[in-house]
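Visitor: requesting a structural model of the entry that follows:
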Amino acid sequence: MNATQTPDSSTKVIVVSVDQTPDRIDHYLSKQVERLTRSRIQKLIKDGKVTVDQEVVKPSYKIKPGQTIIITFPPPPTYELIPQEINLNIIYEDESLLVINKQAGLVMHPAYANVSGTLVNALLFHSQSLSTLSGIYRPGIVHRLDKDTSGLLVIAKNDFVHAKLAEQFSQRTILREYRALVWGHFKQKTGRIETLINRSLRDRTRMTISATTGKPAITNYEVLEEYPLISLLRVRLETGRTHQIRVHLASKGHPVLGDPTYGGRGKQVPKFNQQDQKIALQLLRMMPRQALHAKTLGFVHPETGQQLLFDSDLPEDIQQVINFLEKLKASRQNTSYKG
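Guide: The predicted structure follows:
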C-alpha cells in the first residue's frame with residue numbers, strides 16, 4: 001500500500017509502495033491524486049513543485065519503490081464573490097430556503113476560470129442570507145446540477161436548514177425525479193442500476209463505473225414512452241454522485257441524447273440506417289446539451305416539518321424534441337397502417 005499524508009493544506013507526501021512497478025511519475029501521480037489532471041501534474045513537475053527524495057525531477061522520471069514524493073501546491077488564486085442581477089426562476093421562497101428551477105447553461109458556483117455569471121452570483125444579489133456550510137465560494141449550495149442540466153434545486157438560507165437538508169440527502173429521504181431522453185429502447189422497461197462510481201483515471205473530468213473502488217450509486221429508471229430512435233425516461237435517484245444519471249444510462253448502452261461527455265452525440269449516428277441518420281442529426285441540432293431535467297423535488301421543511309413537493313414543466317428545448325418525436329412516431333404508425 002502507499003502511505004500518504006498531508007502535513008498542511010498545500011503539500012502532499014506520497015511514499016511509493018514496495019510492490020510498485022517502475023512508472024512515469026506524471027502517470028503515477030495522475031492515479032494517486034484525485035481531481036488532479038495529468039497535464040496539471042506535468043506543469044507542477046516542470047515548475048519544480050514535485051520532488052522525489054528531495055530532488056526535482058522531469059515528467060518522464062520513473063519512480064521506484066520506497067521513494068518519497070512531495071507535491072507542493074501553489075496557493076489557489078483568490079477572487080471576490082460579486083452579486084449579479086441574473087434572472088432566477090424561483091418556484092418557492094420563505095425565510096429559510098429557496099427552490100429554484102435552474103436553466104441549462106448556468107454554472108453552479110464560481111471557479112478560477114469562471115468567477116462571474118454563476119448561480120451563486122445570482123443568489124448573492126437576490127438574498128441577504130445564505131448558508132455557509134459549503135464554504136465561502138458556495139453560499140447556500142446544498143446540492144448541485146451539472147451546468148447543462150436544467151431543473152429544481154433547493155437553496156439554504158442558514159446553516160441549520162442546510163445541515164438538516166444535507167441530512168435528508170444523506171439518508172436518501174429526499175425525492176429527486178428527472179426526465180431524460182436517451183438513445184435507443186431498453187429491453188427492461190423498468191430497472192435499478194447499482195454500481196460504484198469513481199473518477200476516471202484517463203480523464204479526470206469524467207466519471208466511470210468501477211467494480212472495486214468508488215462511491216455507491218443507485219439510479220432507478222422507468223420507460224415512459226418509446227419513439228423512433230429515442231426513449232423518454234422517468235429517473236429517480238437514491239444517491240447523488242457526480243454525473244450519476246449520465247454515467248449509469250450510458251453504461252446500459254443508452255446515453256442521454258446530446259451528452260457530449262458520455263457518448264450521447266455523434267457516436268450514435270452511425271448505428272442507424274441512412275434515413276434515421278438524418279433524423280439523428282436533426283435531433284442533435286435541436287438538442288445541443290444533455291436532454292436531462294430535474295423535474296420533481298420533495299423534502300421535509302427543516303423548520304416547519306411540513307412535507308414539500310415541487311414539480312416543474314419540461315424546458316422548451318426538451319419539449320420541442322418530444323413534440324418532434326411524437327409527430328415522427330405518428331407518421332410512421334400511419335405509414336405502417338396504410339401499408
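
Visitor: pull out the buried residues from the strand or helix carrying Leu283.
Guide: For Leu283, the host element (DSSP states H and E) is helix 274-286. Residues of helix 274-286 classed as buried: 279-280, 283-284, 286 (neighbour count, 16 or more other C-beta atoms under 10 Å). Backbone N, C-alpha and C define where each C-beta goes, glycine included.

Visitor: out of those, the closest to Asp23 would be?
Guide: Distance to Asp23 across the buried residues of helix 274-286 (C-beta to C-beta) is lowest for Leu284, with 39.6 Å.

Visitor: quick one on the thing from earlier: for Lys164, state which of the buried residues of helix 274-286 is nearest.
Guide: Using C-beta to C-beta, the buried residues of helix 274-286 come closest to Lys164 at Met286, 40.6 Å.

Visitor: what about the longest helix in this protein?
Guide: Once the chain is assigned using DSSP state H, the helix that runs over the most residues is helix 316-338.

Visitor: nearest residue to the middle of this protein?
Guide: His243 (3.3 Å; C-alpha atoms, centre = their mean).

Visitor: who's in contact with that one?
Guide: Contact analysis of His243 by C-beta atoms under 8 Å, 6 or more residues apart in numbering lists 146, 197, 206-207, 261-262.

Visitor: any idea how far it is from Leu81?
Guide: Distance, His243 to Leu81, by C-beta to C-beta, to the nearest Å: 26 Å.

Visitor: Val256 now?
Guide: Taken as C-beta to C-beta, the span from Val256 to Leu81 is 32 Å.

Visitor: what's the neighbour count on Glu177?
Guide: By the measure other C-beta atoms under 10 Å, the count of residues near Glu177 is 19.

Visitor: please disregard the earlier target; I meant Lys164.
Guide: Residues near Lys164, counting by other C-beta under 10 Å, number 18.

Visitor: next, it: secondary structure please.
Guide: Of the three states, Lys164 takes helix under DSSP: H, G, I helix; E, B strand; the rest coil.

Visitor: residue contacts, it?
Guide: Shown in contact with Lys164 (C-beta under 8 Å, 6+ apart): Pro302.

Visitor: ditto for Thr242
Guide: Applying C-beta under 8 Å, 6+ apart to Thr242 gives the contacts 197, 199, 207.

Visitor: same thing but at 6 Å, please
Guide: By C-beta atoms under 6 Å, 6 or more residues apart in numbering, the contact list for Thr242 reads Met207.
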